[in-house]
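Chemist: Provided below are the primary sequence and the corresponding predicted coordinates.
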Amino acid sequence: MSGHNKWASIKHKKAATDAKKGKVFTKIIREIVVATKEGGDQIENNARLRKAIEDAKEANMPQDNIKKAIQRGNGEIPGAIYEEMVYEGYGPAGVALIVEVTTDNKNRTASEIRKMFSSHKGNLGETGCVGWMFDRKGYITVNKAGTYEETVMNAALEAGAEDFKSEADSDIYEIITNPSDLESVKKFLKEKNITVNSSEISMIPQTQVVLSGDDAKCMLKLMDSLEEHEDVKNVYANFDISSEEMEKIEE
């Protein structure tokens with residue numbers, strides 16, 4: 001199982017708990033502000049804003065919060081000025097990591113991210129040091145429960161997806177698309193009455209680093225700490241942990 005799939009599965013299981021945390025709202029609000037600032041407040045013309053609002057609704061964010069975030073983004077009401085940054089580095093056993101952040105204080109955030117890496121057997125690197133190990137793709141997940149693999153696979157490929165993955169020890173199907181095709185594939189699946197669990201533009205690793213023992217535990221702790229940071233938008237890594245190893249860790 002790829003590190004991307006592994007972490008996608010873990011995040012899926014954590015979703016219900018995380019949705020109750022205020023930091024989820026904080027991250028979504030920042031995304032709405034930045035998306036509005038960059039692409040305008042017309043949802044039909046701004047795919048990034050449309051996706052952010054979908055995420056807000058899935059997290060049960062009040063409509064008033066969404067409205068105020070859009071107003072901050074288009075300058076109607078004052079608010080913090082956010083910058084988007086990308087950090088690259090290495091985790092335990094040389095695992096490659098890309099960390100995307102949205103921050104109003106890049107010096108503070110850089111210091112905190114650096115500390116997380118060093119505290120978990122890793123270190124930050126220079127820009128571009130690991131980016132070449134990943135491909136930018138559209139990434140869609142569909143829950144296996146209540147669906148037939150052949151039905152989902154055929155629909156995904158008919159819609160123009162590049163790849164379809166179904167790992168035996170995962171509870172989700174993975175669909176990979178060209179970034180520009182993400183929305184059309186997602187729309188086609190919905191038209192076929194296939195419920196999309198999640199969709200995003202992601203960084204898919206070309207190869208994986210197999211982890212076990214302390215390195216596996218440390219890697220998961222690093223991922224968790226990064227995801228928990230309110231400035232962190234996305235984390236991508238190329239680790240691979242077997243199901244047997246995960247069972248040991250979870251005991």
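Modeler: Cool, got the structure.
Chemist: Could you list the residues in contact with the helix or strand harbouring E100?
Modeler: For E100, the host element (DSSP states H and E) is strand 96-103. Outside strand 96-103, the residues that touch it by Cβ atoms under 8 Å, 6 or more residues apart in numbering are 27, 30-31, 34, 82-91, 109, 113, 117, 122, 130-131, 133-134, 203, 205, 209, 222, 226, 229, 231-238. For the C-beta atoms, the positions are set from N, CA and C on the backbone; glycine is no exception.
Chemist: Show me which helix runs longest in this protein.
Modeler: helix 22-39 (DSSP state H).
Chemist: And that helix, what's buried?
Modeler: For helix 22-39, burial by neighbour count (16 or more other Cβ atoms under 10 Å) applies to 24-25, 27-37, 39.
Chemist: And for the protein, the residue most distant from the center?
Modeler: E76 (29.4 Å; Cα atoms, centre = their mean).
Chemist: if I look at that one, how far off is K233?
Modeler: 24 Å (Cβ to Cβ, to the nearest Å).
Chemist: what does P179 give?
Modeler: From P179 across to K233, the span is 16 Å (Cβ to Cβ).
Chemist: domains of the chain?
Modeler: 12-73, 83-132+207-250, 135-205 (automatic domain parsing).
Chemist: name the element the residue farthest from the centre of the chain belongs to?
Modeler: Per DSSP H and E, there is no helix or strand for E76.
Chemist: Now pLDDT and distance to K187 too, for the buried residues of helix 22-39, in CSV please.
Modeler: Output for the buried residues of helix 22-39, formatted as CSV (pLDDT from 0 to 100; distance: Cβ to Cβ, whole Å):
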residue, pLDDT, distance to K187
V24, 83, 26
F25, 87, 27
K27, 90, 25
I28, 92, 22
I29, 93, 26
R30, 93, 26
E31, 94, 21
I32, 95, 22
V33, 94, 26
V34, 94, 24
A35, 94, 19
T36, 95, 23
K37, 93, 26
G39, 93, 19
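Chemist: which residues sit against the longest helix of the chain?
Modeler: 18, 45-49, 51-53, 55-56, 59, 61, 65-66, 69-70, 72-74, 79, 82, 84, 102, 228, 230, 232-233.
Chemist: any idea of the pLDDT on the residue lying closest to I98 once chain neighbours are set aside?
Modeler: Distances taken as Cβ to Cβ, 6 or more residues apart in numbering put Y236 closest to I98, at 4.4 Å, once the chain neighbours are dropped. As predicted, Y236 sits at a pLDDT of 93.
Chemist: Enumerate every residue touching Y236.
Modeler: By Cβ under 8 Å, 6+ apart, the contact set of Y236 is 4, 97-99, 134, 202-203, 205.
Chemist: from the residues you listed, which is closest to G146?
Modeler: Using Cβ to Cβ, H4 is the member of the contacts of Y236 that sits closest to G146, with 23.5 Å.
Chemist: Do you know the pLDDT at that closest one?
Modeler: pLDDT, H4: 56.
Chemist: What of W7?
Modeler: So W7 comes in at 59 (pLDDT).
Chemist: How about T102?
Modeler: 95.
Chemist: Would you mind measuring from the nearest residue to it once chain neighbours are set aside to V232?
Modeler: In space, and not counting its chain neighbours, T102 is closest to R30: 4.6 Å by Cβ to Cβ, 6+ apart. Plainly put, R30 is 11 Å away from V232 if you go by Cβ to Cβ.
Chemist: Please apply the same query to N60.
Modeler: Taking Cβ to Cβ, one finds N60 at 21 Å from V232.
Chemist: So for those two, which sits in the more crowded spot?
Modeler: Ranked by neighbour count (other Cβ atoms under 10 Å), N60 and V232 place V232 first, with 22 against 10.
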